[in-house]
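> What follows is a protein structure lacking sequence information:
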């Protein structure tokens, strides 16, 4: 009996994705290898390298000692993506001291002890036409270091935080982003839940996830983000200019952002 490196990686990756405890992860890997050895399986010569390369993943709350690292990460992840330069690192910088910021939902994702991801939340308002308010959040910013993007780390970070938010009693989450990036975590168009902006519009990039099934029953809801989200572009520019220089340039993703941020559903 011989197992391919693809199957080895699949089994390792499954444990890697589903379990947050490093100790638990290591113990499962040991049992995995022992099982196949007892079954007479001949592991490929590079199996150990595959196991070692999976890395150790931890998701934990951000601490004050992480602030500078996280802001550098956010800056590097967003720079030139939506506009030449970015303002998200400045948003993170000012968000932490705002009353709507939720430190209990501020997480970092570490790979082998290095922070490669971050996600933050703020309180938001979603109110129906009768003045009834839902306990709602705004998700963002969320980012993964560029070299680790499109590898499942972002979804894992998002899903972890959503589970924690639900456990804290929040009913729904709103975000603005590309639907392709968030539909896999259960987000749907705001139009499907009849959740509109304060202007009465349904932005194409505005997505909603119910944390309590059926919390939206079809009546019109109006979403309002925290005031902290309305950062001054000039303040953000001055903050960025004081940091280590990065090249501002135009790239295709900015055109996609321009279109999505100005598109609405009828």
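All right, it came through fine. Predicted model only: the values in this text are computed from it and were never measured.

> all helices in the stretch 51-200 of the chain, in order from the N-terminus.
For the stretch 51-200 of the chain, the helices identified by DSSP state H, counting those that start in this stretch occupy 67-78, 88-95, 153-167, 179-182, in order along the chain.

> any idea which of these is most buried?
Greatest average neighbour count among the helices of the stretch 51-200 of the chain goes to helix 88-95 (a mean of 21), per mean count of other Cβ atoms under 10 Å. Quick note: C-beta positions are derived from backbone N, CA and C, even for glycine.

> Could you list every helix and strand in contact with it?
If contacts are counted by 3 or more Cβ pairs under 8 Å, 6 or more residues apart in numbering; DSSP states H and E, helix 88-95 sits against helix 67-78, strand 114-128, strand 133-144, helix 233-241.

> Give me the mean pLDDT for the second one.
Model confidence over strand 114-128, given as mean pLDDT, is 98.

> What is that strand packed up against?
helix 67-78, helix 88-95, strand 107-111, strand 133-144, helix 153-167, strand 172-176, strand 221-224.

> ok, back up a step: let's have the helices of the stretch 51-200 of the chain in a markdown table, adding distance to residue 208.
Formatted as a markdown table, those follow (distance: least, Cβ to Cβ, whole Å):
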| stretch | distance to residue 208 |
| --- | --- |
| helix 67-78 | 23 |
| helix 88-95 | 21 |
| helix 153-167 | 12 |
| helix 179-182 | 10 |
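
> Can you give the contact residues for stretch 160-174?
Outside of stretch 160-174, the residues within contact range by Cβ atoms under 8 Å, 6 or more residues apart in numbering are 20, 59, 104-105, 107, 119, 121, 124, 126, 134-139, 185-187, 190, 195, 206-212, 215-216, 223, 225.

> do stretch 229-236 as well
In contact with stretch 229-236 (Cβ under 8 Å, 6+ apart) are residues 87, 90, 91, 94, 122, 138.

> Relative to residue 221, how far out is the nearest residue to the third one once chain neighbours are set aside?
With sequence-adjacent residues excluded and distances taken as Cβ to Cβ, 6 or more residues apart in numbering, residue 91 is closest to residue 231, at 5.3 Å. Applying Cβ to Cβ, to the nearest Å, the value for residue 231 to residue 221 is 25 Å.

> Who has more neighbours out of these two?
residue 221 (25 against 17; other Cβ atoms under 10 Å).

> one step back: buried subset of the contacts of stretch 160-174 as a ChimeraX selection?
A single ChimeraX command selects the buried members of the contacts of stretch 160-174 (16 or more other Cβ atoms under 10 Å):
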select :59,105,107,119,121,124,126,134,135,136,137,138,139,185,187,190,195,206,207,208,209,210,211,215,216,223,225
